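> Fold the following and give me the result.
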Amino acid sequence: MHSGMTLLKKLRSALLLRCCTGVALTIALTGCSRSGSTISAASPEQKDSISLWIQQAKDTSGAAKIALLEKACRHIYQLPDDSLKLKHLTALSYEYLESTDSVTFRKVNREAMLLAVKAKDSSALADTYWDLGDYLSNKLNKADSGFYCYIKAQQLYEKLENSFSS
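A predicted model of the protein is given here:
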């Protein structure tokens, strides 16, 4: 039984190294598609519109879905880095995961992940890992990398559950 645990530890280490290397390379090579300006105080109408566009995209498909997501994306990137922007980015990440635009999914997911780390928001970070795991496993057929991301998400969710119960 002990050798099985050692093998599991080696597998996890290898998966961690592989996934971290891939994420680091992706970030270094692709950069960010943000516009240079941010809105210091977004209007309530703009904030509501972003939520509305994302909600409408859930009930739409094809080019119409992508158009709504792109519109939401443009407005989200104008927001300051705060919890509202993170909330919108995680919702947008999931909707892009469900679309055919995998390039934008990776960009939005990465942006949400970075902002979740910056904000120390474990719940949002777990969501981004889960979405990335889904993408890697189901769209790229990279089960090992997807499994690693699912494990990271599960660990974060378990920590959150433990912090609520203590």
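
> Could you use CA atoms for every contact and neighbour count after this?
Noted.

> Mind jotting down where the helices sit in this structure?
Assignment of helices within the chain using DSSP state H yields the ranges 2-30, 44-58, 62-76, 83-97, 102-119, 122-134, 143-165.

> Look at residue 97 and say how many residues are nearby.
Using other C-alpha atoms under 10 Å, residue 97 has 22 other residues around it.

> go on, the one 5 residues further on?
Applying other C-alpha under 10 Å, we find 15 other residues in the vicinity of residue 102.

> next one: residue 161
Neighbours of residue 161 using other C-alpha under 10 Å come to 11.

> can you tell me which of the helices of the chain the model trusts least?
Mean pLDDT values for the helices of the chain show the minimum at helix 2-30, a mean of 44.

> Would you quantify the distance from the nearest residue to residue 64 once chain neighbours are set aside to residue 119?
Leaving aside its sequence neighbours, residue 64 sits nearest to residue 57 (C-alpha to C-alpha, 6 or more residues apart in numbering; 7.7 Å). Per C-alpha to C-alpha, to the nearest Å, residue 57 is found 27 Å from residue 119.

> among the helices of the chain, which is the most enclosed?
helix 122-134 (a mean of 24; mean count of other C-alpha atoms under 10 Å).

> rewinding a little: my understanding was that the residue nearest to residue 64 contacts residue 68; is that so?
Yes. Residue 57 is within contact range of residue 68, at 5.9 Å (criterion: C-alpha atoms under 8 Å).
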